[in-house]
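S.K.: Pasted the sequence and its predicted model underneath.
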Amino acid sequence: MHQSSAPDWQLTFDEVKRRGRFNNDAQVAESLGVTRAQISAWRTGKSDLGTLIKLKLLDALGVENLHSVLHSLYPVRNREDHIRRQARLVDRVRHAGDQPARELANPANSEPAGALSWEDNVLLAGLPEDERAVFSPHISAIFLPLGAVAEGAESAHDIYFPTTAVVSLSLPAMAGIAEWAIVGREECVGSGVLPSDVLLPRQTVVLHEGHAFRLSGRVFQAALARSAILRQRYFRCLQSIAGQFSQAAFCNTAHSSLQRFCRWLLVADRSVWTKPISAHPTVMANHLGMTVQEVTDAIALLHAEGAICWESGAIRLLERSLVALQACECSAMRFGRYPQT
């Protein structure tokens, strides 16, 4: 009986993965609130998927009348977290399927720009009223889901100004370097941002889901020609990203995995304005070019020291000073390199 039913759950899991435009099992696991290792053990027949996870998959696929059953199975301690995760999973699976696979370049959740404040992104904050008037008909507020990828899409020349979202830029082809820059509310991102003959990210992935502004690259380039304020902030953005790239190349060869992880944690915490930091060991390992074991060892050490709280796939910094003590000096490069005015 077990052997005959197992393939059905494999198909169910894969259907959720397909409809939700997830890139791998780790991203589905994150949305379900379990680890990649748990899914791997189930995939290989070493463990069962579990009733709660099975019901979450069915609920995501639209099976009716499961909400009350699910709510009765959620543990009291993490009940709200389970509810939020499931709501995001349901929304992604039911709405992403009709969208192009590259979600960052053509996001499903678009809303009027007025839903966000211009002040939520440093590049946009303080723009003269005449510049805002030019941008207003062409800018929209969007939601960027965790793990969304943009790479060579039709609208790749659009520019994104993160507000609560955080984006990771990487050059996977370079040996020893995975993630080389983190872009948050102080910068902008998009293929049209970086000069292609100098720096062209091979992959752009949403590291921490949240909101951003989206603007046509054509409109942005025209505004750069007119606005000295925008040009000043744009070139500081380029300096920041180029600096992070250079620093990552050095850091990944000169410092220990614990130092690099602490450096990443400080940078990510600085960029993420809606705490805690959404993070899974497998995802972090991929970003940092480290092994999952190195990441889990670093998390365990910092958790034991009381520097962080690790729970439900998220990290909250409790004592920044303790993390900073074990981080390499590279973290200081990002903090203070970008004036707020």
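M.R.: That came through, no problem.

S.K.: which residues in this structure form helices?
M.R.: 2-19, 25-32, 36-43, 51-60, 67-73, 79-96, 129-135, 217-226, 228-254, 257-271, 281-288, 292-304, 320-326, 331-334 (DSSP state H).

S.K.: how much does the fourth one deviate in direction from helix 25-32?
M.R.: Angle, helix 51-60 to helix 25-32, by axes from the mean of the first three to the mean of the last three CA atoms, to 10 degrees: 90 degrees.

S.K.: got a list of contacts for helix 51-60?
M.R.: Helix 51-60 is contacted by residues 9, 12-13, 16, 19-20, 32, 34, 66-67, 69-70, 73-74, 86, 89-90, 93-94 when judged by CB atoms under 8 Å, 6 or more residues apart in numbering. (Glycine included, C-beta is placed from N, CA and C.)

S.K.: buried set for that helix?
M.R.: Across helix 51-60, burial judged by 16 or more other CB atoms under 10 Å covers 52-53, 55-60.

S.K.: Make a markdown table from these and add pLDDT to it.
M.R.: Listed next are the buried residues of helix 51-60 as a markdown table, based on pLDDT from 0 to 100:
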| residue | pLDDT |
| --- | --- |
| L52 | 88 |
| I53 | 90 |
| L55 | 87 |
| K56 | 88 |
| L57 | 88 |
| L58 | 86 |
| D59 | 85 |
| A60 | 86 |
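
S.K.: Show me which of the residues you listed is closest to E186.
M.R.: E186 lies nearest to A60 out of the buried residues of helix 51-60, by CB to CB, at 34.6 Å.

S.K.: Which pLDDT value does the model give the nearest residue to the closest one once chain neighbours are set aside?
M.R.: Nearest residue to A60 in three dimensions, chain neighbours excluded: V93, at 4.3 Å (CB to CB, 6 or more residues apart in numbering). pLDDT, V93: 81.

S.K.: So V93 sits against R18, correct?
M.R.: No. V93 lies out of contact with R18 (CB atoms under 8 Å); the separation is 9.2 Å.

S.K.: Who has more neighbours out of the two?
M.R.: Neighbour totals were compared for V93 and R18, and V93 leads with 24 against 12 (other CB atoms under 10 Å).

S.K.: Identify the residues contacting that one.
M.R.: Neighbours of V93 in contact, by CB under 8 Å, 6+ apart: 16, 19-20, 60-61.

S.K.: Selection in PyMOL covering whichever of those residues are buried, please.
M.R.: With 16+ other CB under 10 Å as the criterion, this PyMOL line picks the buried residues out of those:
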select buried, resi 16+19+20+60+61
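
S.K.: just the contacts of V93 now: which is nearest A212?
M.R.: When those are compared for distance to A212 (CB to CB), G20 wins out at 19.9 Å.

S.K.: Please tell me how far that closest one sits from D91.
M.R.: Plainly put, G20 is 9 Å away from D91 if you go by CB to CB, to the nearest Å.

S.K.: Tell me how this structure divides into domains.
M.R.: Per the record, the chain has its domains at 2-96, 110-251, 255-334, by automatic domain parsing.

S.K.: Would you single out the least confident of these?
M.R.: Per-stretch mean pLDDT for the domains of the chain is lowest at domain 110-251 (a mean of 74).

S.K.: Off-centre distance for it?
M.R.: Mean-position distance between domain 110-251 and its chain equals 13 Å (CA atoms, centre = their mean, to the nearest Å).

S.K.: Stretch 303-312 now?
M.R.: Stretch 303-312 sits 20 Å away from the centroid of its parent chain (CA atoms, centre = their mean).

S.K.: picking up where we left off before, any chance of the helices of the chain in a markdown table with distance to V206 as columns?
M.R.: Below are the helices of the chain laid out as a markdown table (distance: least, CB to CB, whole Å):
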| stretch | distance to V206 |
| --- | --- |
| helix 2-19 | 17 |
| helix 25-32 | 10 |
| helix 36-43 | 18 |
| helix 51-60 | 19 |
| helix 67-73 | 26 |
| helix 79-96 | 12 |
| helix 129-135 | 23 |
| helix 217-226 | 19 |
| helix 228-254 | 16 |
| helix 257-271 | 12 |
| helix 281-288 | 11 |
| helix 292-304 | 19 |
| helix 320-326 | 23 |
| helix 331-334 | 19 |
